[in-house]
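Colleague: A predicted structure for the sequence below; I have some questions about it.
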Amino acid sequence: MFNPEMETLSIFDKEKLQLFRLQETLARVYSKVPYYKEKLSEKGIRVGDIKKVSDITKLPFTKKQDLRDNYPYGLFAEPIENIARMHASSGTSGKPTVVSYTKNDLRVWSELIARAITAAGGNKGDVFQNAYGYGLFTGGLGLHYGAELLGAAVVPISGGNTERQILSIQDFKPRGIGCTPSYALNIAEKMIDLGLDSRNNSLRYGIFGAEPWSEAMREKLEELLDIKAVDIYGLSEIMGPGVSVECHEAQDGLHIADDHFLVEVIDPKTLQPVEDGNDGELVFTTLTKEAFPLIRYRTGDISSIHREPCRCGRTTTRMSRVKGRTDDMIIIRGVNVFPSEIERTLLQIEGLSPHYQIRLSKEGPMDCAELYVEVCDELYMGINQDLNHEKVRMLERQIKHEIKSACLVSVKTVIGSPKSLPRSEGKAVRILDQRKPGPLMFS
């Protein structure tokens, strides 16, 4: 562990620390952020009203739209002269969300990334290949400074240029790598295309995040690259990567940094808390952020939490792998479906590559969802590259049956040749919406 004292707190000590820091955060936002002062005053809430951690349910939620409405600096709790760095979202669906950090915020962030890399199996003296994108996206710089704090030698290669990524692995012999899981898969496949043994490398662990991925994808990555593949979670609004991470010992839930973030899970429709172990929307409150504190921020991510100590020795709250986002969920004939559920099913079907895309279009007045997949190289060569072969027809029937059984929906399926779908050099595009903007509901 990088910080055993904080990662093994007792329940009593954890809640005592969280309450103290929650009260400090409320005092900060009340005095420094007019938006929160107004919201808290509307509810008649004073800092002294929060006497225990569970009182957090008295506080108002914060939504992404609130960040956009206060663009760019309206939610900052520090003047610009105290800001050391700013990050922002892409703003593809409206104004970007802008977040900020003081020097102390950056120090805390680096420590939490160092904790995360240690949990993944990293050590001081490692070479760490950072293939997350650098820039306004928080992934690249977040992992970079945390790896340096740990004492690793960072290869700041960023995303893309896959052949160069492979050359770096061959020459610099990194022990760890960080990137999206879909890009790690792309790297492994490119190794094989180049005639290399993708398992014969120096890598021992991979820290993969920034997109939902399934247990089946983990198994595929571990098989192809001969590594321990761990999930890391974060979002720019709360901090960036490092809010939680799996440990390499158990790979059974992501350890949340409880000393810096207070987590809740709510029903996204009723906004009421759900019991531990049940899926709902993750809600985070920052406990130590100086520049950009957030109260009960609705992430849109679907997960569950449990609080039993892990066999790695950590006592932190653990969250399940993110199942999907509330805005990624599609409704097919009244059934809620997340792309990650489809991924998990497809990766268990022999004869398919681990790539897929759901394309949304219109057929007259009706919305239509089609699933595009690829056959693997072995099957493609075995059928003499004939996609009309009976084995392909059998595979199509199997796909429809398995998805119907697992996801309770029927989908149109299009099977293509190997490499017919685009490969990711960052976040994979799993849903391609070719309709006009509107709710994701399909028949």
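Modeller: Done, it's in.
Colleague: Which helix or strand contains the residue nearest to I431 when sequence neighbours are not counted?
Modeller: Using CB to CB, 6 or more residues apart in numbering and skipping residues adjacent in sequence, the residue nearest I431 is I358, 5.0 Å away. For glycine as for every other residue, the C-beta is placed from the backbone atoms N, C-alpha and C. I358 belongs to strand 352-363 when assigned by DSSP states H and E.
Colleague: And the next helix or strand past that strand?
Modeller: Heading C-terminal from strand 352-363 (DSSP H and E), you reach strand 366-375.
Colleague: Excluding its own residues, what touches that next one? List them.
Modeller: Under the criterion CB atoms under 8 Å, 6 or more residues apart in numbering, residues 330, 332, 342, 346, 351-353, 355-362, 383, 387, 392, 395, 399, 403, 411-421, 435, 441-443 lie in contact with strand 366-375.
Colleague: now the strands for the stretch 151-300 of the chain?
Modeller: With strands called from DSSP state E, counting those that start in this stretch, the stretch 151-300 of the chain shows them at 153-155, 176-179, 205-208, 228-235, 240-246, 254-256, 261-266, 280-286, 297-303.
Colleague: Output the contacting helices and strands for the longest one.
Modeller: Of the remaining helices and strands, those touching strand 228-235 by 3 or more CB pairs under 8 Å, 6 or more residues apart in numbering; DSSP states H and E are helix 103-120, strand 205-208, helix 215-225, strand 240-246, strand 254-256, strand 297-303.
Colleague: The second one now?
Modeller: If you count contacts as 3+ CB pairs under 8 Å, 6+ apart, strand 176-179 packs onto strand 127-130, helix 138-150, strand 205-208.
Colleague: For the longest one, name the packing helices and strands.
Modeller: The one in question is helix 138-150. strand 85-88, helix 103-120, strand 127-130, strand 153-155, strand 176-179, strand 240-246.
Colleague: ok, and for the first one, which residues are buried?
Modeller: The neighbour-count check on strand 85-88 (16 or more other CB atoms under 10 Å) flags 86-88 as buried.
Colleague: Next: the fourth one.
Modeller: By neighbour count with 16+ other CB under 10 Å, strand 153-155 contains the buried residues 154-155.
Colleague: from the chain's centre, how far out does it sit?
Modeller: 23 Å (CA atoms, centre = their mean, to the nearest Å).
Colleague: same thing with the last one?
Modeller: Its chain's C-alpha centre and that of strand 240-246 lie 8 Å apart, by CA atoms, centre = their mean.
Colleague: Can you tell me how far P418 is from G195?
Modeller: 16 Å (CB to CB, to the nearest Å).
Colleague: who has more neighbours, those two?
Modeller: P418 (18 against 6; other CB atoms under 10 Å).
Colleague: what sits against the more buried one?
Modeller: Contacts of P418 (CB under 8 Å, 6+ apart): 353, 374-377, 380.
Colleague: for Y145, same thing?
Modeller: Contacts of Y145 (CB under 8 Å, 6+ apart): 106, 109-110, 113.
Colleague: any idea which helix or strand comes after the lengthiest helix in the chain?
Modeller: For the chain, the longest helix by residue count, based on DSSP state H, is helix 11-32. Note on helix 11-32: by DSSP H and E, the next helix or strand toward the C-terminus is helix 34-42.
Colleague: List of residues touching that following helix?
Modeller: Outside helix 34-42, the residues that reach it (CB under 8 Å, 6+ apart) are 26, 29-31, 46, 59-60, 66, 70, 74-75, 295.
Colleague: Stretch 213-225 too?
Modeller: Here stretch 213-225 has contacts from 181-182, 184-185, 187-189, 192, 198-199, 201, 203, 206, 208, 227-229, 231, 251, 321, 340-341, 343-344, 346-348, 354, using CB under 8 Å, 6+ apart.
Colleague: out of these, which are buried?
Modeller: 181-182, 184-185, 187-189, 198, 201, 203, 206, 208, 227-229, 231, 251, 321, 340-341, 343-344, 346-347, 354.
Colleague: Among the contacts of Y145, which pair sits farthest apart?
Modeller: For the contacts of Y145, the farthest-apart pair by CB to CB is L106 and I113; their separation is 10.6 Å.
Colleague: ok, the closest residue to I83 other than its chain neighbours - how many residues close by?
Modeller: Leaving aside its sequence neighbours, I83 sits nearest to S100 (CB to CB, 6+ apart; 4.8 Å). Counted with other CB under 10 Å, the neighbours of S100 add up to 23.
Colleague: Kindly state the beta-bridge partners for S100.
Modeller: M86 (DSSP bridges).
Colleague: circling back: G300: which of the contacts of Y145 is nearest?
Modeller: W109 (21.5 Å).
Colleague: Can you name the residues that contact the closest residue to the closest one other than its chain neighbours?
Modeller: Of all residues not flanking W109 in the chain, M239 sits nearest, at 5.6 Å (CB to CB, 6+ apart). For M239, the contact set (CB under 8 Å, 6+ apart) comprises 105, 108-109, 112, 138, 142, 260-261, 286, 289.
Colleague: What of T62?
Modeller: 294-298.
Colleague: cool, and T316?
Modeller: Applying CB under 8 Å, 6+ apart to T316 gives the contacts 7, 9, 255-258, 310.
Colleague: Now distance to V429 too, for those, in CSV please.
Modeller: Converted to CSV, the contacts of T316 look like this (distance: CB to CB, whole Å):
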residue, distance to V429
E7, 36
L9, 40
H255, 30
I256, 28
A257, 30
D258, 34
C310, 34
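Colleague: now the closest residue to L19 other than its chain neighbours: how far from L224?
Modeller: Closest residue in space to L19, ignoring its immediate chain neighbours: V53 at 5.4 Å, by CB to CB, 6+ apart. V53 sits 43 Å away from L224, going by CB to CB.
Colleague: Show me the contacts of stretch 213-225 that map onto helices.
Modeller: 181-182, 184-185, 187-189, 192, 340-341, 343-344, 346.
Colleague: Export those residues as CSV, with columns for pLDDT.
Modeller: Below are those laid out as CSV (pLDDT from 0 to 100):
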residue, pLDDT
P181, 93
S182, 91
A184, 96
L185, 94
I187, 96
A188, 96
E189, 93
I192, 95
S340, 79
E341, 83
E343, 86
R344, 85
L346, 91
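Colleague: Between those, which sits nearest Q18?
Modeller: Among the ones in helices among the contacts of stretch 213-225, and counting by CB to CB, the member closest to Q18 is S340, at 30.1 Å.
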